[in-house]
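**Student:** Predicted model and sequence follow; I will ask about them next.
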Amino acid sequence: MNFLHMTENNFSLKKIEISVSEAEKRTGRNAMNMQETYTAYLIETRSVEHNDGQSVLTDSLWRRYSEFELLRNYLLVYYPHIVVPPLPEKRAEFVWHKLSADNMDPDFVERRRIGLENFLLRVASHPMLCRDKIFYLFLTQEGNWKETVNETGFQLKADSRLKALNATFRVKNPDKRFIELKHYSDELQSVISHLLRVRARVADRLYGVYKVHGNYGRVFSEWSAIEKEMGDGLQSAGHHMDVYASSIDDILEDEEHYADQLKEYLFYAEALRAVCRKHELMQYDLEMAAQDLASKKQQCEELATGTVRTFSLKGMTTKLFGQETPEQREARIKMLEEQIKEGEQQLKSKNLEGREFVRNAWADIERFKEQKNHDLKEALISYAVMQISMCKKGIQVWTNAKECFSKM
Amino acid sequence: MSGGPPKALPSTGPQSLRDMPHPLAGSSSEEAVGGDSTPSPDLLTARSFGDKDLILPNGGTPAGTASPASSSSLLNRLQLDDDMDGETRDLFVTVDDPKKHVCTMETYITYRITTKSTRVEFDLPEYSVRRRYQDFDWLRNKLEESQPTHLIPPLPEKFVVKGVVDRFSEEFVETRRKALDKFLKRITDHPVLSFNEHFNVFLTAKDLNAHKKQGMALLTRVGESVKHVAGGYKLRNRPLEFAAIGEYLDTFALKLGTIDRIAQRIIKEEIEYLVELREYGPVYSTWSALEGELAEPLEGVSACIGNCSTALEELTDDMTEDFLPVLREYILYSDSMKSVLKKRDQVQAEYETKLEAVALKKEERPKVPADVEKCQDRMECFNADLKADMERWQNNKRQDFRQLLMGMADKNIQYYEKCLMAWESIIPLLQEKQEAKDDSVEKKGRNAKNSEHTVLTHRISSFVTELSLLIKASDWVPHVHLSRQRSPRQVILGSLEAGVSRQTLPTRLCGRLAHSLRPSLQSRMLLEGGKGDAFSPVGTTPG
C-alpha cells in the first residue's frame, strides 16, 4: 500500500491509499442480452489524514476487468509518450499442468486481483498519470464512468494500427535511440516468453519429483508392519516422505508470484513498443509534410522560371494539350505560395511537437529503465530467497528421515 | 614335517578335507597334516576329539554322537560370538581392480580378489587371484550344491540386455564390482560357508578352470543326502516359524519390488527435471546479453541454475549406481531363500511320510528306524542351519537397509546443500549496486559495431512482427480465415494470393508486402522507396 498524491481537478492534493481488496463472481446480462458470468473487483480508496496517519475510507466501488482495459486504452491514447503500465494477463498463459487455465479458477482470480492492484498503484505513482481526471473518476465514480470515458472520444483519436505499420516501415530518419529501444523491447519480449515457458515446464517436472516421494510414505508404512526392530524407524521416515511430497504445493505457489513479476515486464515491453511506434508515426508525418512542402516549392519555382526539372504529370499534359495561359499560371503560383506558407507553419509546429515528444518520451523511458532495473533485481533476489528456502526445507526433511533410518 | 603322504603344493589343486585340520582343534596344523588315513576321501568323516562333541566346519555330523540339536546350538553360540567379536576375524577378502581382457573369441572383465587370512586352511597368509563373473557364478552354484541347508548370498544379475546397458562402461563395472565384493564378504562372514572348500579354491587357485574341470564333488554329508531327497512328498504341518518366514519373505519381496519401482520412477522424473533445467539456465544468459545493469545478476542466476543442474545429475547417478542395485540384490536374495525353504519342506515331508509308513507297519523294527532316523537327522539339521542363517540374515538385512536408506537420505541432503550454497552465494551479487553501467552506453557500444545491414534487418523483422500482431488482432483483414495451423507469415502470403481486395490495404503497402516476403527482393524493396527517395544501396543479404 503506497501513499500517493492525487489531484482532483487540480485543486486539492490528497494523500491516498488504493487497494483491490476483493473479488466476486457475478452474473449479469451482456450487450447482447445474454447471461454471462464475470468477476468483479472491489477497489477501495482511503485518504490519509496528514497529522495522525490514520486512513479513512473515502471511496469503494466494483469494477470488472473490461473497465480496467477501457481505462488503459484511454491512457494509451492521451499519453502516447508515457510507458503505460500493463494490465495482468487477460487469459492464463504459461500454465503448467496443475494450474488451471480457467479464468474463473480461484487461484487465477486471486493472482489477477493482485495484478490489478499493482496496475492501479503504478498508475497512481506515475507523476503524470496520477493527475488524470478519468483515472480519478475510475476510482471514485462508479456509475456512468464508462460513458464519461467514451465521451472523451478517445477512440477516434487513436492512431490506426495500419497507419502506424505503414509509418514504421517507411520512416527514414527516426531517432536512433527509438530504433534501439524497439529492438530491445522485441528481444526482451522474446526472451521473457521463452523463460516463462521453460519455467512452467520446470515447475511441472519438479512437482512430479516431489509427489512420487509420497509413495515411499505408503510403502514404508506397509513394510514396517512386517518388521520388528526396523518397523518404527521405517514408519516415521515414511511420514517425513509424506511431508516432503506435500511441501511442493506451497513452494510452487510462491514461485507463481515470481512468474507474475516477469509477466508484468513482458507486457511492459509491449508498452515500450507503443511509444516507439508513436514516435515513428510522428516522424513519418513530419517527413511527409517536409517532402510535400519541398515538392510544392519546386513546382512553384518551375512555374515561375518555366523550367521543368522533374518529370511530372502536369508537364506531360502541358506537352500534350498545350501550354496554359499566363493568368492561369499566375493563379496557380499564388495558390502554391499560400500553400507553401501554410505548409511551412505546419512543418514548424510538427517539428516542435516531434521534438517535445522525443524529449518527454525519453524522460519517461529513463524513469522506466530505473524502475525496471530495480524491480527485476528485487524479483531475482526474491526468487533466490525462494530457492534457498526450498533447499533448507529439503535438508530439514531428509535430515529427519535420516535420523529415523538411523534408528532402524 | 612329519612323514606321510606328501603335502600338496599351496594353491594348486584342492587339498583333501582330511588334510585340513579342524579350526577349533587343539592340535597343531603340522600334526594334523599328513595325519591319519581315513576311509572315504569324499566325505568328511568324524573324528573324535575327546569330550568335545563339535560339529566339523562343513556341517557334517559325527555319526552316532549326541543329538545334533545340542551340537548345533553350541555352534550357533560360537557363530554369534564370532560375529560380535571383531577381533576373531581371521579372513579378509576384497574385490577390486577391474580389467578388460580382449581375446579373439570374446571380451570380458576380470576382477582382482585379494585374500588375507591367518586361517590354517590357507597355506599362505595372502593370495591375489583374478576372477571373472563366470567364476563367481560357478562358486555360487557349488555353494548351493554343497551347502543346501544354508542361505547363499545372491550375485548381481547375470544377464545384461546388450545395447541397453554398456557392459564395459565404468559405472556398470563399478556397480558390479561392489556387488561381487559384497557377495564374497557375506560368505566370508558366514561361519560355515567361509570354510567351504570351493570357496577356498576360488580364493586361492591359480587356474580355476583346471579345477572346475576336475569336478570334485566335495559335498558335505548333509549336502549329499539332501541332494538325493526325492520330491513329491506332501507336507503335513509346516512348523509355525518356517511358515512365518515364508510369509515374511513373500511380503518383503513385494515391498522391495514396490520400492524399486518408486526409486526408478523418482530417478526418471529427476532426469526429466534435469533436462528442463538445462534449457532454463541458459535463457537467463541470453537475457543478460540484452541488459546493462541487470547483466551481471542475470548471468549469476544462469550460472547458479547450472550448478544446481550438475548437483542433480550427481544425485541421479549416485542413486542409479548405489541404491537400485542393492535393492535388486535383496530381491534376488529373498527369491533364493524361498527355494531353500521349499527344500526344507521337502526334507520334512519325506521324513513325515516315512514315519507314517513305519507307524503302520508293526514289524521290521531294526532296519526301519535307522532309515527314519536318518531322515529325522536331515530335517533337524536343516532346520537348525536355516534358523541360524535366518537370524543372521535378519540382522544383516537390518544393517544393510539402515546403511542403504541413510545413504539415500545423505545423497539428497548433499544435493540440497550444494544448491543452497549456489543460491546463497549469488545473493550478494544480486544486491550489490552496479556502478556506471548505463543501458544506453551498452547498447550504443553494441550497435556501433552493427552495420547498417543489421539496422535494416531489424526494420524488416519488426515490420513482419508488426504485421503479424495486426493479423492476430484481426484488425484489418476480417475476411481472411485465420487458421491456427498457419503462421502469420503464411496468412499474409495466403491473403495476397487469394487476392485480398486492395481496398483493405493502401496500394503501395500491398505491393511492398508482396516484395517483403520474397527474400531475394528484400534489398531491392528497400532501394525502391517512395517518390524519388532512396536509401543508400546496401549489399544486404536476404534475411
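**Tutor:** Nice, I can see it.
**Student:** need the helix or strand of chain A with the lowest average pLDDT.
**Tutor:** strand A:4-8 (a mean of 48; mean pLDDT, DSSP states H and E).
**Student:** Direction included, what does the next helix or strand after it pair up with?
**Tutor:** Per DSSP states H and E, the first helix or strand lying C-terminal to strand A:4-8 is strand A:12-29. Strands adjacent to strand A:12-29 in the sheet, as given by DSSP bridges, are strand A:4-8 (antiparallel), strand A:35-48 (antiparallel).
**Student:** Mean neighbour count added to those strands, as TSV?
**Tutor:** For the C-beta atoms, the positions are set from N, CA and C on the backbone; glycine is no exception. Formatted as TSV, the strands paired with strand A:12-29 follow (neighbours: other Cβ atoms under 10 Å in any protein chain shown):
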stretch	mean neighbour count
strand A:4-8	16
strand A:35-48	17
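**Student:** Let me know which of the ones you listed is the nearest to B:T94.
**Tutor:** For the strands paired with strand A:12-29, proximity to B:T94 was assessed by Cβ to Cβ; strand A:35-48 is nearest, at 70.6 Å.
**Student:** secondary structure element for B:Y111?
**Tutor:** Assigned by DSSP H and E, B:Y111 falls in strand B:107-117.
**Student:** what about the longest helix in the chain?
**Tutor:** Just going to use chain A. helix A:326-406 (DSSP state H).
**Student:** not quite, I wanted chain B
**Tutor:** In chain B, assigned by DSSP H, the helix with the most residues is helix B:367-431.
**Student:** And the pLDDT for A:Y207?
**Tutor:** According to the prediction, A:Y207 has pLDDT 95.
**Student:** how close does it sit to A:G214?
**Tutor:** Distance of A:Y207 to A:G214, computed by Cβ to Cβ, to the nearest Å: 11 Å.
**Student:** show me where pLDDT drops low in the stretch 151-300 of chain A?
**Tutor:** Applying pLDDT under 70 to the stretch 151-300 of chain A flags no residue at all.
**Student:** and the residue of it found nearest chain B, how many neighbours?
**Tutor:** Proximity of the stretch 151-300 of chain A to chain B (Cβ to the nearest Cβ) peaks at A:R205, 3.7 Å away. Neighbours of A:R205 under the rule other Cβ atoms under 10 Å in any protein chain shown: 19.
**Student:** Flag the shaky bits of chain B, pLDDT-wise.
**Tutor:** Along chain B, segments meeting pLDDT under 70 span B:1-87, B:160-165, B:214-232, B:362-368, B:433-543.
**Student:** how is it carved up into domains?
**Tutor:** Chain B breaks down into these domains under automatic domain parsing: B:9-230, B:240-428, B:446-527.
**Student:** near chain B, which residues of the stretch 251-400 of chain A show up?
**Tutor:** Residues of the stretch 251-400 of chain A lying near chain B by Cβ under 8 Å from any Cβ of the partner chain: A:291, A:295, A:310, A:369, A:373, A:376-377, A:380-381, A:383-385, A:387-388, A:391-392, A:394-395, A:398-399.
**Student:** Which residue, other than its chain neighbours, is closest to the most centrally placed residue in chain A?
**Tutor:** The centroid of chain A falls nearest to A:P86 when counting by Cα atoms, centre = their mean (2.1 Å). Once flanking residues are discounted, A:P86 sits nearest to A:F267: 3.3 Å by Cβ to Cβ, 6 or more residues apart in numbering or on different chains.
**Student:** Check whether that neighbour really touches A:E89, as I assumed.
**Tutor:** Yes. Using Cβ atoms under 8 Å, A:F267 makes contact with A:E89 at a distance of 7.4 Å.
**Student:** so which residue of the stretch 1-150 of chain A comes closest to chain B?
**Tutor:** Residue of the stretch 1-150 of chain A nearest chain B, by Cβ to the nearest Cβ: A:W96 (10.6 Å).
**Student:** Which residue, other than its chain neighbours, is closest to the closest residue to chain A within the stretch 201-350 of chain B?
**Tutor:** Nearest residue of the stretch 201-350 of chain B to chain A, counting by Cβ to the nearest Cβ: B:Y273, 3.7 Å away. Once flanking residues are discounted, B:Y273 sits nearest to A:R205: 3.7 Å by Cβ to Cβ, 6+ apart.
**Student:** the inter-axis angle of the strand or helix carrying that neighbour versus helix B:367-431?
**Tutor:** Using DSSP H and E, A:R205 falls within helix A:176-224. Relative orientation of helix A:176-224 versus helix B:367-431 (axes from the mean of the first three to the mean of the last three Cα atoms, to 10 degrees): 160 degrees.
**Student:** Mind jotting down where the helices sit in the stretch 201-350 of chain B?
**Tutor:** With DSSP state H, counting those that start in this stretch, the ranges of helices along the stretch 201-350 of chain B come out as B:208-214, B:221-227, B:240-288, B:295-318, B:324-360.
**Student:** Mind checking those helices for the one nearest to B:L143?
**Tutor:** It's helix B:221-227; of these, that one is closest to B:L143 (Cβ to Cβ) at 9.9 Å.
**Student:** Which strands or helices does the strand holding B:Y111 pack on?
**Tutor:** Counting by 3 or more Cβ pairs under 8 Å, 6 or more residues apart in numbering or on different chains; DSSP states H and E, the packing neighbours recorded for strand B:107-117 are strand B:91-102, strand B:126-132, helix B:133-146, helix B:170-189, helix B:197-204.
**Student:** try 6 Å this time
**Tutor:** The contact analysis (3 or more Cβ pairs under 6 Å, 6 or more residues apart in numbering or on different chains; DSSP states H and E) places strand B:107-117 against strand B:91-102, strand B:126-132.
**Student:** Please work out which of the ones you listed is packed deepest.
**Tutor:** Among those, the stretch with the highest mean neighbour count (mean count of other Cβ atoms under 10 Å in any protein chain shown) is strand B:126-132, at a mean of 16.
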